[in-house]
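[1] need coordinates for the below:
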Amino acid sequence: MSFKERITENFSQAIQLQQECMVDLPELIEFASQLMVAALVNDKKIISCGNGGSSGNALHFSALMLNRFQRERPSLPAITLNADALTLTSIANDYHFDDVFAKQLRALGQEGDVLLCYTTSGNSANILKTVTVAQEKNIPVIALTGQSGGSLANILNETDLEIRVPATLAPRIQETHLLITHCLCDLVDHQLFGG
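    Numbers count the residues shown, from 1 in each chain. So this is what the prediction gives:
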C-alpha cells in the first residue's frame, strides 16, 4: 500500500465511523449536554479525565469551557484531573497510579458536579476507580468509550451515561471523541446563551 493509499484509508475509516455515530449517537450526546447544563446552572462544575490521547481530549474540553468554543461568552467552570504533573506524579509515587484521578475527585468533586471520562477501552484502572468515587459522591458520570465499553460499561449506574464509539482502533475512537466534545460544547453554549 502506498503512502497516499494509507492516508486515504485513514480518512475513509474516520468518515465511515463518524457517519455511523451521526446516526446512532445524537440522542445520547444531547442528553449528556443537558446533564452538563443542569450542573452549570446550579453553580457546579464539569470535571474531566483521561489517559494518553484521551488525556488530550479531556484537556481540550476543559479549555473550551474555561475560555470559549465558537462565541464570546463567560467562562464556564471545568477542570481536568490530568493537567497537573506535580499532583499526578506525587499521587502515583506515594500511592498508586490507579489513584491519580480518584484521589483528586474525592477532594475536589461535589455532589451535582459532572464527571466526564474519556477512555478508548473502558478498562483503565484509574478511570474505573474514579467512576466509583463519583458514584459514592453522587456525581453523575458521562463516559466517552469505545470498543465494547470494557469494564466501565459494567459499573455505570442509572444516573450515568455512556457514549460508546463503535470502533476498535484507538485513533478512530479518539478522533470521534473529539467531534463529540465539540458537539457537547456547541450544545452547552446554545442552551446557556441561545442560538
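[2] what ranges does the protein have for its strands?
    For the chain, the strands defined by DSSP state E cover 46-50, 78-80, 114-118, 141-146, 161-165.
[3] and the third one, what's buried?
    Okay, so that is strand 114-118. Judged by neighbour count (16 or more other Cβ atoms under 10 Å), strand 114-118 contains these buried residues: 114-118. Quick note: C-beta positions are derived from backbone N, CA and C, even for glycine.
[4] so which elements touch the lengthiest helix in the chain?
    Counting by DSSP state H, the longest helix found in the chain is helix 170-193. Applying 3 or more Cβ pairs under 8 Å, 6 or more residues apart in numbering; DSSP states H and E, one finds that helix 170-193 contacts helix 3-24, helix 26-41, helix 53-66, strand 141-146, strand 161-165.
[5] of all those, which lies closest to Leu178?
    Checking the helices and strands packed on helix 170-193 against Leu178 by Cβ to Cβ gives helix 53-66 as the closest, at 5.7 Å.
[6] chain center to that closest one: distance?
    Chain-centre distance of helix 53-66: 8 Å, with Cα atoms, centre = their mean, to the nearest Å.
[7] so that helix versus strand 46-50, what angle?
    Orientation of helix 53-66 against strand 46-50 (axes from the mean of the first three to the mean of the last three Cα atoms, to 10 degrees) gives an angle of 160 degrees.
[8] quick check: mean pLDDT across helix 53-66?
    Across helix 53-66, pLDDT averages out at 98.
[9] and stretch 134-144, by the same measure?
    Rounded mean pLDDT across stretch 134-144 is 98.
[10] any idea how far apart the tips of it sit?
    15 Å (Cα to Cα, to the nearest Å).
[11] quick revisit: which residues sit against the longest helix of the chain?
    10, 13-14, 17-18, 21, 25, 29-30, 32-34, 36-37, 40-41, 53-54, 56-57, 60-61, 64-65, 69-71, 73, 76, 118, 120, 144, 146-147, 163, 165, 167 (Cβ atoms under 8 Å, 6 or more residues apart in numbering).
[12] ok, of those residues, which come out buried?
    14, 17-18, 21, 25, 29, 32-33, 36-37, 40, 53-54, 56-57, 60-61, 64-65, 69, 76, 118, 120, 144, 146-147, 163, 165, 167.
[13] just the buried residues of strand 114-118 now: which is nearest Thr80?
    Nearest member of the buried residues of strand 114-118 to Thr80, counting by Cβ to Cβ, is Leu116, at 8.9 Å.
[14] dump the residue contacts of that closest one.
    Applying Cβ under 8 Å, 6+ apart, one finds that Leu116 lies in contact with 36, 46-49, 58, 61, 142, 144.
[15] same question, Met1
    Glu9.
[16] now stretch 69-80: average pLDDT?
    pLDDT averaged over stretch 69-80 gives 96.
[17] send the alpha carbons of it over as PDB?
    The C-alpha coordinates for stretch 69-80 follow below in PDB (Å, rounded to 0.1, in the frame of the first residue of the first chain):
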ATOM      1  CA  PHE A  69     -15.800  27.500  22.000                       C
ATOM      2  CA  GLN A  70     -17.100  29.500  19.000                       C
ATOM      3  CA  ARG A  71     -18.600  32.500  20.600                       C
ATOM      4  CA  GLU A  72     -17.800  35.100  23.200                       C
ATOM      5  CA  ARG A  73     -19.400  34.100  26.500                       C
ATOM      6  CA  PRO A  74     -18.500  34.000  30.200                       C
ATOM      7  CA  SER A  75     -16.100  31.300  31.300                       C
ATOM      8  CA  LEU A  76     -17.700  28.000  32.400                       C
ATOM      9  CA  PRO A  77     -16.400  26.100  35.400                       C
ATOM     10  CA  ALA A  78     -14.500  23.000  34.300                       C
ATOM     11  CA  ILE A  79     -11.300  21.300  35.400                       C
ATOM     12  CA  THR A  80      -9.300  18.400  34.200                       C
END
